[in-house]
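Colleague: Sequence first, then the predicted structure, then my questions.
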Amino acid sequence: MWHPREREWQRIPSSTPIAELLSQGWPRLTTTFGTEPETLNELFRNAVAHLNVEFKPGPDQEIASVEVWNNEPRGGPTIWRGQIAVADLNHLARQLAKLYLAEFAPTATT
């Protein structure tokens, strides 16, 4: 049995280099520890999928940014950390939604 992710994975341009995404207006995920990933999918997806997410407050104690990280398998040491402002995360989510709609629902309006 194929799960939707495995069946449709090739239809998502997950290997687009970050530099190319930035030139298309995608927001920057700032690397704060480790090596800058070449693609958004490389480390960001794993961080979110494994719930390696921490909300960072601003001066008003509202969430100002989100920190994500990746560890070596089986609870190993942290190999990468990144941070994104809430406004940029909102923009990122909307860009991803547009991408999914364009690929999976060509007749849908965005």
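Modeller: Now that the structure is in, tell me what you want to look at.
Colleague: C-alpha from now on. contacts and neighbour counts both.
Modeller: OK.
Colleague: element containing the closest residue to residue 27 other than its chain neighbours?
Modeller: Nearest residue to residue 27, sequence neighbours excluded (Cα to Cα, 6 or more residues apart in numbering): residue 88, at 5.6 Å. In the assignment (DSSP states H and E), residue 88 maps to helix 86-104.
Colleague: To what extent is the residue nearest to residue 27 buried, counted in neighbours?
Modeller: Look at residue 88: counted by other Cα atoms under 10 Å, it has 16 neighbours.
Colleague: Spatially nearest residue to the most centrally placed residue in the chain, not counting backbone neighbours?
Modeller: Nearest to the geometric centre of the chain sits residue 44, at 4.3 Å (Cα atoms, centre = their mean). Distance criterion Cα to Cα, 6+ apart; nearest residue to residue 44, sequence neighbours excluded, is residue 68 at 7.2 Å.
Colleague: For that neighbour, list the residues it contacts.
Modeller: If you count contacts by Cα atoms under 8 Å, 6 or more residues apart in numbering, residue 68 has them with 44, 47-48, 52-54, 81-83.
Colleague: rewinding a little: mind listing what's buried along the helix holding residue 88?
Modeller: By neighbour count on 16 or more other Cα atoms under 10 Å, the buried set for helix 86-104 is 88-89, 92, 98.
Colleague: Pretty sure residue 39 sits against residue 16.
Modeller: Yes: using Cα atoms under 8 Å, residue 39 makes contact with residue 16 at a distance of 6.0 Å.
Colleague: More neighbours: those two, which one.
Modeller: The neighbour count for residue 39 versus residue 16, taken as other Cα under 10 Å, is higher for residue 39 (17 against 13).
Colleague: What's opposite that one in the beta bridge?
Modeller: Beta-bridge pairing for residue 39 (DSSP bridges): residue 17.
Colleague: how much space is there between it and residue 15?
Modeller: Distance of residue 39 to residue 15, computed by Cα to Cα, to the nearest Å: 6 Å.
Colleague: Then residue 42?
Modeller: Taking Cα to Cα as the measure, residue 42 falls 8 Å from residue 15.
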